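Peer 1: With the sequence up front, the predicted model follows.
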Amino acid sequence: MEKLYQYLWKSRMFGRKLHECGGSEIEVLDPGRLNTDSGPDFFNSKIIMDGIEWAGNVEIHVKASDWHRHGHHADPAYDGIILHVVGVSDCRIHRSDGSLIPQVEITMPEDFFRTFSSLSSEISGIRCGESLSGIHSLSITDWLETLAVERIQAKAQRVIDLNSATGNDWEQTCFIIFARALGFGLNGDPFEMLARSLPLKYLHHHSDNPLQLQALLFGQAAMLDSSLHIFDEYYQFLCREYYFLARKYGLRPMRQGLWKYARTRPQNFPHRRIAYLSKACEGGFSLFSEIVSCGRNAEKLRELFHWRLDGYWHNHFSFDMEARCASDSLSDTSVTLLIINVVAPLLYAFGAIRGDVDISEKGQSILENLPGENNGVTRQWETYGLKAENAWRSQALLHLKKEYCDARKCLYCRFGNNMLRKAAGTEDSWSLLHYNP
């Protein structure tokens with residue numbers, strides 16, 4: 001509960017003017033900076049009391065008597081407190097020299113606590129959905145724009161960290177990001193492990209031999225065992241090739257059991273995705289260079305991912321599992337997802353590292369001009385009136401669900417903050433558009 005009162009103080013949800021328990025009016029100029037370590041709760045707060053401006057630290061408690069229960073009366077670090085903020089003023093507090101510390105009691109309407117209880121409940125999903133219609137459209141747009149930026153910056157930071165780990169090798173970085181994206185969520189982790197286990201230089205050595213590329217990729221994916229599929233000549237050939245290449249390069253395959261098949265159509269089995277990854281390596285993997293050269297041209301970007309499977313994988317879902325009606329290329333929806341999860345973050349990160357705003361803006365522009373994603377999360381938001389008109393908006397909604405709803409951070413979401421302000425009776429234009437937890 002103390003964190004709730006810290007939240008109230010930080011967001012100034014109680015209003016800007018308070019009354020000290022002794023009767024003086026207190027105006028809050030700056031709530032200060034929340035301290036996450038030991039010591040007073042807020043540093044560098046600024047208030048005006050009796051016409052005098054004070055700057056210093058503020059301590060928050062549910063009950064004033066918690067001051068003694070926490071041992072602050074014996075800690076000199078708390079002598080510099082300029083204000084004690086409490087939920088219940090059950091006693092007065094003094095510094096070690098005997099001087100009285102100004103104290104204010106924050107009271108909130110019963111509706112506020114009901115709303116807070118609803119937002120902090122253990123119920124999964126979107127807890128504020130029914131209240132979204134009461135929020136101004138401008139406030140919604142402003143928050144979703146912020147969330148979209150948060151998401152692409154988070155993705156770009158991962159690209160930057162990965163690029164640093166690969167020695168600033170953008171093609172290797174792109175290879176790993178692209179491989180993970182081919183997992184389309186369910187198999188993202190094993191695909192990334194596969195890409196990290198294979199330096200591109202080894203794949204480049206065999207870029208003119210599709211079968212050797214497939215042997216390296218399927219072998220590293222722990223999908224080759226010469227004791228299986230005895231009568232499949234293609235499979236046995238891959239086993240022999242991988243055995244030779246693994247010894248040559250000192251490779252060790254991933255551990256088995258990582259690939260997931262539950263609720264996956266045969267068309268999307270990891271075998272076929274690995275075959276697409278092999279196709280991308282034929283002639284040498286240069287996807288990053290091609291992405292940069294395409295710029296904002298959506299059609300050219302789509303063409304980068306239009307590989308066609310041939311040979312064994314033209315009519316197989318997996319080893320020994322023939323496919324009579326399998327598509328030999330990725331669907332338009334899959335290509336769109338690859339552009340969202342590979343192209344946009346790479347360009348944004350590349351521009352950030354080079355200090356080239358134009359390149360970063362290309363990454364954002366691409367998302368703004370792609371259709372919105374259609375999945376369980378975006379459909380759920382749509383039932384509450386938030387539609388993903390484009391990929392920029394759908395990325396914002398996905399980020400909101402994952403980083404705020406699922407993480408139970410409703411207090412730090414502008415939608416939740418708006419609900420609490422309405423319940424507290426302190427809603428205003430500042431709180432809607434500029435609240436930044």
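Peer 2: Ah, there it is. Numbers count the residues shown, from 1 in each chain.
Peer 1: which one in this protein is furthest away from the centre?
Peer 2: Gly98 (49.7 Å; C-alpha atoms, centre = their mean).
Peer 1: what's the pLDDT at that one?
Peer 2: Note on Gly98: pLDDT of 87.
Peer 1: Now name the helix or strand holding it.
Peer 2: Assigned by DSSP states H and E, Gly98 belongs to no helix or strand.
Peer 1: That one: what's it in contact with?
Peer 2: If a contact means C-beta atoms under 8 Å, 6 or more residues apart in numbering, then Gly98 has no contacts. Just so you know, the C-beta spots here come from the backbone N, C-alpha and C atoms, and that holds for glycine as well.
Peer 1: do the same with Phe269
Peer 2: 261, 317-318.
Peer 1: cool, Gly295 as well?
Peer 2: Lys362.
Peer 1: what residue ranges in this protein score low on pLDDT?
Peer 2: Scanning the chain for pLDDT under 70 picks out 427-437.
Peer 1: Do a quick rundown of the strands in it.
Peer 2: Along the chain, the segments classed as strands by DSSP state E run 17-19, 25-30, 33-34, 42-49, 52-63, 81-88, 103-105, 316-318, 321-322.
Peer 1: Let me have those in a markdown table, extended by mean neighbour count.
Peer 2: Output for the strands of the chain, formatted as a markdown table (neighbours: other C-beta atoms under 10 Å):
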| stretch | mean neighbour count |
| --- | --- |
| strand 17-19 | 14 |
| strand 25-30 | 15 |
| strand 33-34 | 14 |
| strand 42-49 | 18 |
| strand 52-63 | 17 |
| strand 81-88 | 22 |
| strand 103-105 | 20 |
| strand 316-318 | 18 |
| strand 321-322 | 10 |
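Peer 1: Asp189 is nearest to which of those?
Peer 2: strand 316-318 (19.6 Å; C-beta to C-beta).
Peer 1: centre of the chain versus the closest one, how much separation?
Peer 2: Strand 316-318 sits 33 Å away from the centroid of its parent chain (C-alpha atoms, centre = their mean, to the nearest Å).
Peer 1: and what of stretch 97-107?
Peer 2: With C-alpha atoms, centre = their mean, you get 41 Å for stretch 97-107.
Peer 1: Just the C-alphas of that stretch, formatted as CSV.
Peer 2: Output in CSV follows, covering the C-alpha atoms of stretch 97-107 (Å, rounded to 0.1, in the frame of the first residue of the first chain):
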residue,chain,number,x,y,z
ASP,A,97,16.7,17.7,17.5
GLY,A,98,13.1,17.8,18.6
SER,A,99,11.8,20.0,15.7
LEU,A,100,8.4,19.1,14.3
ILE,A,101,8.4,17.7,10.7
PRO,A,102,5.5,19.1,8.6
GLN,A,103,3.0,16.4,7.8
VAL,A,104,0.1,16.1,5.4
GLU,A,105,-2.6,13.4,5.3
ILE,A,106,-3.7,12.3,1.8
THR,A,107,-7.3,11.2,1.6
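Peer 1: and Leu420, how many neighbours does it have?
Peer 2: 26 (other C-beta atoms under 10 Å).
Peer 1: go on, Pro76?
Peer 2: 8.
Peer 1: quick one: contacts for it?
Peer 2: Ser96.
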